[in-house]
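> need the 3D shape of this:
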Amino acid sequence: MKAHEFDAEFDDGYNVSEAIDWSNARRPNEMLQRISVDLPEWMIDALDRKARNLGMTREDLIRLWIGAWCL
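Here you go, the predicted model:
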């Protein structure tokens, strides 16, 4: 499929996902880099309580908060 055909079908509301090679798809800037942060025990306990109340892991909660703050 040529690019102009793809664009026209997309613009007309057709599902063009079959024309995409998803095996090579990636999100930009999604490379992970590990960091280490030292926190006092009371803070870790508070994070664990909050994460448990929300039904998520401590790591997911930290990612959520940092991600929201960085936007």
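> tell me the pLDDT at the closest residue to Leu47 other than its chain neighbours?
Leaving aside its chain neighbours, Leu47 sits nearest to Arg58 (5.1 Å; criterion: Cβ to Cβ, 6 or more residues apart in numbering). Where C-beta positions appear, they are placed from N, C-alpha and C, glycine not excepted. Looking at Arg58, its pLDDT is 96.
> list the residues that contact the residue positioned nearest the centre of the chain.
When Cα atoms, centre = their mean is applied to the chain, the residue found nearest the centroid is Glu30 (7.9 Å). Going by Cβ atoms under 8 Å, 6 or more residues apart in numbering, Glu30 touches no other residue.
> so that it lines up with my notes, have the first residue be 28 from now on.
Got it, the first residue is 28 from now on, which makes the last one we talked about Glu57.
> which of the three states applies to it?
Under DSSP: H, G, I helix; E, B strand; the rest coil, Glu57 falls in the coil class.
> separation between it and Ala78?
23 Å (Cβ to Cβ, to the nearest Å).
> can you show me the helices along the chain?
Using DSSP state H, the helices of the chain run over 30-38, 68-81, 85-97.
> turn the ones you listed into a markdown table, columns for distance to Arg53 and mean neighbour count.
Converted to a markdown table, the helices of the chain look like this (distance: least, Cβ to Cβ, whole Å; neighbours: other Cβ atoms under 10 Å):
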| stretch | distance to Arg53 | mean neighbour count |
| --- | --- | --- |
| helix 30-38 | 19 | 11 |
| helix 68-81 | 28 | 12 |
| helix 85-97 | 19 | 11 |
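> how about TSV for the ones you listed, with distance to Ile47 added?
TSV is the format used below for the helices of the chain (distance: least, Cβ to Cβ, whole Å):
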stretch	distance to Ile47
helix 30-38	9
helix 68-81	34
helix 85-97	27
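> out of those helices, nearest to Ser44?
Set against Ser44 and scored by Cβ to Cβ, the helices of the chain come closest in helix 30-38, at 10.0 Å.
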